[in-house]
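**Q** Please work out how this folds:
(2 chains)
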Amino acid sequence: MTKIFSLALLPVAAVLLSGCTSAPSPADVNKATADMLKGSFQARGIATLDRLNQDQANAECAAADATGKPLDAKMTQAIEEASMKTVKWPSDGKFIGDWKEGEKIAQSGRGLTWTDTATTENGGNCYNCHQISKEEISFGTLGPSLYNYGKLRGVSDPSSAGGKAIVEYTWGKLWNARAYNACSQMPRVGHMGILNQKQIQDVMALLLDPASPVNK
Amino acid sequence: MKFNACRAVLVLSGLVAAGATHAQGTAAEGIAKYREMLQDGNPAELFEMKGEELWKQKRGPKNVSLEQCDLGKGPGVIKGAFVELPKFFADTGRVQDLETRLITCMETLQGFKGEDIAKTPFGRGEMANVTALATYVATASKGMRFNLSQSHPQEKMMFATGKQLFFTRGGTHDFSCASCHGSDDKRIRLQDLPNLTKNPGDGIGFAAWPAYRVSNAQMWGMQLRLNDCFRQMRWPEPKFGSDATIALSVYMGVNAKSAESIVPAIKR
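**A** Next up is the predicted model:
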C-alpha cells in the first residue's frame, strides 16, 4: 500500500498492539482519536490546522456529548465564568445598530471556510439554525426560534432601563454563548471573530429594535 | 452559481409544498417530490456506466483491468461488497472504505501510483475515475442492507474513534458532526438533517451516497461528502482516505446496520 495510507494508520496500529483483544479502552480511544486528528487533516487556504486545537470547554463538552453524561455543576460554572470574562462590551457604548444590515448578516452564510478568503465579509449564518423574521421561510431548526425575540422578552425600548438586562444578555450571548450555557451549540460569534462589533450591533437591532420585522 | 441553483430548488420545493400544513413536513415533502421528478433520468447512471467501462477496461502502466479487484468478497465480486464497507483488509493491514480500496486495486493490479491519485482533486483525472468506479461498485448493491463487520480489533477501534471524532468540536464555529447530525428532526435552512448517532433508516445518511447532486451537477462519493461537511464546519481539510474519514464512515456504517442502500441516489 502507498506511504500515505500506511503512515496514516500507524497511531491506531500502535495502540492496538498495546491493548488488543475486545473493546478498546477509553484511554486508548482518546489517544487514537487525538493522533487521528493530528494526522488526518491539512491546512487549506485560511482554514489552518490551529483550528483543531481544542480548548478545555470544547474538550469537556465533546466528552459530555459523546457519553451522554452532562458536565458536573463545578465544571459548568467554571466554563461559564471563564466565558463571561471574554465578553467585550461595545466600545462606543452602543448595543443597537441597523436592523436592515442585521438582516443581511443573518442571511449570509459566507466566510471562514477554506473556499473563502481573509477578505470575505463574514455572515452570521443565523438562518441556518434559527427562525428569525417571519418573511423568511427557509430557516433551520437547530436553534430556537427567534421570531418576536424582543417583543416576547418585553423589550419595547432597548435604550430604556427596563430593557437593559435583556440587551446585555443578548450581547453576551452573541459574543460568547458559553457565558450562559457551558456547552451551548451556538458559535462564539464575537469571541471567535466571526462578526465584528458593528455587525453584532446590527444583529442586535434585528433581534431587539421594535421597528425590526422580528418584533412585528 | 451554486448558491443560485440551491435557491432555485428551495423556492421550487417551497412551491410544491405550499399547500401542506407545517414547515417541517412541507420541506421534506417538497424535496422528496423534486427528487422523484428527477429520478426518471438520474444522471448518476452515466457515472455508473462510465465506472463499469473503467472496471472492465485494461488500463494503467500494467495494462490490466480491475476485474480481479478484491473488495472484500473475493476477487472480482462486486455485488454486496459496498454494504460491508469499510472493513479490515489483511493485505493492506488497514480498515478501508470503497474509495481507498479501489485505489489499492488500481495500484496493485494496474500499477497506478495510489499516492498521486489520493492527492488529485475531486472531479479531476483518476480521482474522477475513482468516483465513477465507486458509483458502479456501490450500485451493484442497490437495495441491499448495510452489514459492516465489527470483528477485527481495528474495526472496533475505528468505530470508537469515529464516534469520538463525530462529537469533537473544532474550527472557528466550534462545530462537530453532532452539531447538525446529533438529534432527530432538525433542519439547516430547509434541508432535513439525518440523526447519524443512531440508525437513520433506509436510503438516508450513509445509505444515500454516492449520489448525484443536481445543484452543482457533480457525482459525490462519501469522501467528498465528508470533505464538504468539514469545509462547511470551517475545519481544515480532511486528507483523502485519512483515518478520520474512514473512522467516521465506520461509525456511520455500523450505525446504519440493516438500512437499505439506495445508491446511486440523487440529491438536490
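**Q** Tell me which residue lies nearest the centroid of the chain.
**A** In the absence of a named chain, chain A is used. Centroid-nearest residue in chain A, with C-alpha atoms, centre = their mean: residue A:187, separated by 1.0 Å.
**Q** wrong chain, I was asking about chain B
**A** Most central in chain B (C-alpha atoms, centre = their mean) works out to residue B:222, at 2.3 Å.
**Q** Spit out the contact partners of that residue.
**A** Residue B:222 sits next to B:97-99, B:206, B:209-210, B:245, B:249 when contact means C-beta atoms under 8 Å, 6 or more residues apart in numbering or on different chains. Backbone N, C-alpha and C define where each C-beta goes, glycine included.
**Q** any idea how far the nearest residue to residue B:243 once chain neighbours are set aside is from residue B:95?
**A** Using C-beta to C-beta, 6 or more residues apart in numbering or on different chains and skipping the chain neighbours, the partner closest in space to residue B:243 is residue A:36 (4.6 Å). Distance, residue A:36 to residue B:95, by C-beta to C-beta, to the nearest Å: 12 Å.
**Q** how close does residue B:230 get to residue B:160?
**A** Distance from residue B:230 to residue B:160, by C-beta to C-beta: 20 Å.
**Q** before we move on, back to that, report the contact partners of the residue nearest to the centre of chain A.
**A** Residue A:187 is in contact with A:125, A:177, A:194, B:172-175, counting by C-beta under 8 Å, 6+ apart.
**Q** could I get those as TSV with neighbour count?
**A** Listed next are the contacts of residue A:187 as TSV, based on neighbours: other C-beta atoms under 10 Å in any protein chain shown:
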residue	neighbour count
A:125	26
A:177	22
A:194	21
B:172	20
B:173	22
B:174	25
B:175	20
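**Q** Give the rounded mean pLDDT of stretch A:53-65.
**A** Stretch A:53-65 carries an average pLDDT of 92.
**Q** Return the set of buried residues in it.
**A** For stretch A:53-65, a neighbour-count test (16 or more other C-beta atoms under 10 Å in any protein chain shown) marks A:57-58, A:60-65 as buried.
**Q** Keep only those of the contacts of residue B:222 that are also close to chain A.
**A** Filtering the contacts of residue B:222 for proximity to chain A (criterion: C-beta under 8 Å from any C-beta of the partner chain) leaves residue B:245.
**Q** Could you point out which of the contacts of residue B:222 is nearest to residue A:198?
**A** Checking the contacts of residue B:222 against residue A:198 by C-beta to C-beta gives residue B:245 as the nearest, at 38.8 Å.
**Q** And stretch A:52-63, how far out from the chain middle?
**A** Distance of stretch A:52-63 from its chain centroid, counting by C-alpha atoms, centre = their mean, to the nearest Å, is 13 Å.
**Q** picking that back up, retrieve the pLDDT associated with the residue nearest to the centre of chain B.
**A** Per-residue pLDDT puts residue B:222 at 97.
**Q** I'd like the distance between it and chain A.
**A** When distance is defined by C-beta to the nearest C-beta, to the nearest Å, residue B:222 is 15 Å away from chain A.
**Q** Check residue B:101 too.
**A** 10 Å.
**Q** Residue B:45 now?
**A** Taking C-beta to the nearest C-beta, one finds residue B:45 at 29 Å from chain A.
**Q** residues in contact with the nearest residue to that residue once chain neighbours are set aside?
**A** Leaving aside its sequence neighbours, residue B:45 sits nearest to residue B:264 (C-beta to C-beta, 6+ apart; 7.0 Å). Residues in contact with residue B:264 (C-beta under 8 Å, 6+ apart) are B:42, B:44-45, B:47-48, B:135, B:138-139, B:142, B:210-212, B:219.
**Q** just curious, which of those is nearest to residue B:258?
**A** residue B:142 (15.6 Å).
**Q** how about the closest one, secondary structure?
**A** coil (DSSP: H, G, I helix; E, B strand; the rest coil).
**Q** ok, it - contacts?
**A** Going by C-beta under 8 Å, 6+ apart, residue B:142 touches B:261-264.
**Q** Is it possible to mark the buried ones in the residues you listed?
**A** Counted by 16+ other C-beta under 10 Å, those give B:261-264 as buried.
**Q** mind listing which of those are in strands?
**A** If you go by DSSP state E, these have nothing in strands.
**Q** I'd like the residues you listed written out as JSON lines, with distance to residue B:65 and pLDDT added.
**A** As requested, the buried ones among the contacts of residue B:142 are exported to JSON lines (distance: C-beta to C-beta, whole Å; pLDDT from 0 to 100):
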{"residue": "B:261", "distance to residue B:65": "25", "pLDDT": "96"}
{"residue": "B:262", "distance to residue B:65": "28", "pLDDT": "93"}
{"residue": "B:263", "distance to residue B:65": "22", "pLDDT": "89"}
{"residue": "B:264", "distance to residue B:65": "22", "pLDDT": "89"}
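**Q** beta partners for the nearest residue to residue B:123 once chain neighbours are set aside?
**A** Once flanking residues are discounted, residue B:123 sits nearest to residue B:218: 6.3 Å by C-beta to C-beta, 6+ apart. Residues in a beta bridge with residue B:218, per DSSP bridges, are residue B:213.
**Q** Run through chain A and note the low-pLDDT ranges.
**A** A:1-21 (pLDDT under 70).
**Q** residue ranges for the helices of chain A, please.
**A** A:3-18, A:26-40, A:56-67, A:73-86, A:99-107, A:126-129, A:149-152, A:164-175, A:197-208 (DSSP state H).
**Q** can I get the ones you listed in TSV with distance to residue B:110?
**A** Below are the helices of chain A laid out as TSV (distance: least, C-beta to C-beta, whole Å):
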stretch	distance to residue B:110
helix A:3-18	16
helix A:26-40	26
helix A:56-67	41
helix A:73-86	53
helix A:99-107	49
helix A:126-129	43
helix A:149-152	60
helix A:164-175	55
helix A:197-208	53
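**Q** To residue B:198, which of the ones you listed lies closest?
**A** Closest among the helices of chain A, using C-beta to C-beta: helix A:56-67, at 13.8 Å.
**Q** Show me chain A divided up by domain.
**A** Domain assignment for chain A by automatic domain parsing gives A:3-75, A:99-215.
**Q** Just the C-alphas of stretch A:200-216, formatted as PDB.
**A** Coordinates of each C-alpha in stretch A:200-216 appear next as PDB, following Å, rounded to 0.1, in the frame of the first residue of the first chain:
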ATOM      1  CA  ILE A 200     -23.100  42.400  16.200                       C
ATOM      2  CA  GLN A 201     -24.700  45.800  16.800                       C
ATOM      3  CA  ASP A 202     -26.700  45.300  13.600                       C
ATOM      4  CA  VAL A 203     -27.800  41.800  14.500                       C
ATOM      5  CA  MET A 204     -28.800  43.100  18.000                       C
ATOM      6  CA  ALA A 205     -31.100  45.600  16.200                       C
ATOM      7  CA  LEU A 206     -32.600  42.800  14.200                       C
ATOM      8  CA  LEU A 207     -33.500  41.000  17.400                       C
ATOM      9  CA  LEU A 208     -34.400  43.900  19.700                       C
ATOM     10  CA  ASP A 209     -35.300  47.000  17.700                       C
ATOM     11  CA  PRO A 210     -39.100  47.400  17.900                       C
ATOM     12  CA  ALA A 211     -39.000  48.600  14.300                       C
ATOM     13  CA  SER A 212     -37.400  45.300  13.100                       C
ATOM     14  CA  PRO A 213     -39.800  42.800  11.400                       C
ATOM     15  CA  VAL A 214     -38.700  40.300  14.000                       C
ATOM     16  CA  ASN A 215     -40.800  42.200  16.600                       C
ATOM     17  CA  LYS A 216     -43.800  42.900  14.400                       C
END
